[in-house]
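Trainee: build me a model:
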Amino acid sequence: MRGEDEDDRLVVEQILGGQKELFRLLVLRHERAVYGMGMSFFHNRDDASDFVQEVFLKVFRSLSYFEGRSRFSTWLYKVAYNTAVNSFTRSKDYHSLAEEEVIPDEDTPERKLLRSAAREAVLEAVEDLPARYRICVDLFFFFDRSYQEIELITGYPVNTIKSHVFRAKKLLRERLKDFAGITRGGLE
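Mentor: As a prediction, the model looks like this:
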């Protein structure tokens, strides 16, 4: 991941130096993650696509404000998160990235059925989490962000984020205890 971070910094420097056509490299590298965040907020492909365009337009216009003190992706996610939050009132529901389904093609029908049942249980459990827990869980587990990066993105203090992730995991563990025996290979 460090190599990608350094690549992003180098590309940003080159863009700011006048090679604006290189911005497409940042878009290609990060558009899927921004689209995923858009789907989490908007649940609609067209709105998520519009969101991606809006975010990258904002990023392009404000690229000179990226100081390099954090990962470029952290700064980008902060812009995306703020754009999404500003599109809604704070009371509107946030929906989790856990809703994306990835099932290996080589799974047997029985494993797919077990995985599907477990996935549905996880989706229901995650959906029942308070919105402030869901965004922290998504950024921590699905976007692989550190607590400090989540603080930069959401504005929540690190201790609050740790508490949200801890409480969310506790709630999910309790809610999903009946599915604890389902593993990649089937039942334990």
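
Trainee: from what I can see residue 22 touches residue 10, true?
Mentor: No. Residue 22 sits out of contact with residue 10 when judged by C-beta atoms under 8 Å, with a separation of 9.4 Å. C-beta coordinates here come from the backbone N, C-alpha and C atoms, glycine included.

Trainee: neighbour count winner among those two?
Mentor: residue 22 (15 against 12; other C-beta atoms under 10 Å).

Trainee: need the contact list for that one.
Mentor: By C-beta atoms under 8 Å, 6 or more residues apart in numbering, the contact list for residue 22 reads 11, 14, 15.

Trainee: separation between the last one and residue 60?
Mentor: Spelled out, it's residue 15. Distance, residue 15 to residue 60, by C-beta to C-beta, to the nearest Å: 8 Å.

Trainee: more neighbours, the two?
Mentor: Taking neighbours as other C-beta under 10 Å, residue 15 and residue 60 compare with residue 15 leading, 20 against 13.

Trainee: next, the buried residues of the helix or strand that the more buried one is a member of.
Mentor: Using DSSP states H and E, residue 15 sits within helix 2-16. For helix 2-16, burial by neighbour count (16 or more other C-beta atoms under 10 Å) applies to 8, 11, 12, 15.

Trainee: closest one of those to residue 52?
Mentor: Among the buried residues of helix 2-16, residue 8 lies closest to residue 52 (C-beta to C-beta), at 17.2 Å.

Trainee: does that closest one touch residue 28 like I think?
Mentor: No. At 11.6 Å, residue 8 does not count as touching residue 28 under the criterion of C-beta under 8 Å.

Trainee: first vs last residue of stretch 139-152, how far apart are they?
Mentor: Between the start and the finish of stretch 139-152 there is a gap of 11 Å, counting by C-alpha to C-alpha, to the nearest Å.

Trainee: in it, which residues are buried?
Mentor: 139, 140, 142, 143, 145, 147, 149, 150, 151, 152.

Trainee: next: stretch 154-167.
Mentor: Applying a neighbour-count criterion of 16+ other C-beta under 10 Å, one finds 154, 156, 160, 161, 164, 165, 167 buried in stretch 154-167.

Trainee: and the strands in this structure?
Mentor: For the chain, strands defined by DSSP state E occupy the ranges 182-183, 186-187.

Trainee: now the weakest link among those strands, please, by mean pLDDT.
Mentor: Here the lowest mean pLDDT among those goes to strand 186-187, at a mean of 42.

Trainee: what residues are up against residue 124?
Mentor: Residue 124 makes contacts with residue 175, as judged by C-beta under 8 Å, 6+ apart.
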